[in-house]
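*Asks:* sequence first, then the predicted structure:
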Amino acid sequence: ELISTLEGHSRRVTCVAWSPDCTKLVSGAADVFGKSPQIFVWDALNGQKLMELDGHTGGVNSVVWSPDGTKLASGSRDGTVKIWNSQTGEQILTLKGH
């Protein structure tokens, strides 16, 4: 049974992950025609988009929450992994060389 549909990505969604407390979702999407890839954080209870994380230059292949829910990690076709503050959306660290 379909519970909800979250709409907002303008590109193909490539990955989704639940927060540890199951109140939020993070979703990542591909890059298309030179547009930047998208990472959205959603309120899983009401479907509201809470924030957009911007920083990758290639499609987003993976997203994951830290076990305590305070950080997000995203992997991209641009060869980087980015670490984000899940409350503010601030980019904390970029790991290169993949």
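*Replies:* Here it is on my side, so go on.

*Asks:* determine which residue lies closest to the centroid of the protein.
*Replies:* Ile39 (3.5 Å; Cα atoms, centre = their mean).

*Asks:* was I right about that residue contacting Val60?
*Replies:* Yes. Contact criterion Cβ atoms under 8 Å: Ile39 and Val60 qualify, at 5.7 Å. C-beta: built from backbone N, CA, C; applies to glycine.

*Asks:* need the overlap of contacts for the two.
*Replies:* Common neighbours of Ile39 and Val60, using Cβ atoms under 8 Å, 6 or more residues apart in numbering, are 28-29, 74.

*Asks:* out of those, who's the most crowded?
*Replies:* Gly28 (26 neighbours; other Cβ atoms under 10 Å).

*Asks:* find the nearest non-adjacent residue to that one, please.
*Replies:* Nearest residue to Gly28, sequence neighbours excluded (Cβ to Cβ, 6 or more residues apart in numbering): Val60, at 3.2 Å.

*Asks:* using PDB, write down the CA coordinates of the helix or strand that contains Glu52.
*Replies:* Using DSSP states H and E, Glu52 sits in strand 49-53. The C-alpha trace of strand 49-53 is given here as PDB (Å, rounded to 0.1, in the frame of the first residue of the first chain):
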ATOM      1  CA  LYS A  49      11.100  19.300   1.900                       C
ATOM      2  CA  LEU A  50      13.300  20.600   4.800                       C
ATOM      3  CA  MET A  51      16.500  21.500   2.900                       C
ATOM      4  CA  GLU A  52      18.500  21.100  -0.200                       C
ATOM      5  CA  LEU A  53      22.200  20.200   0.000                       C
END
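
*Asks:* no more questions from me, cheers.
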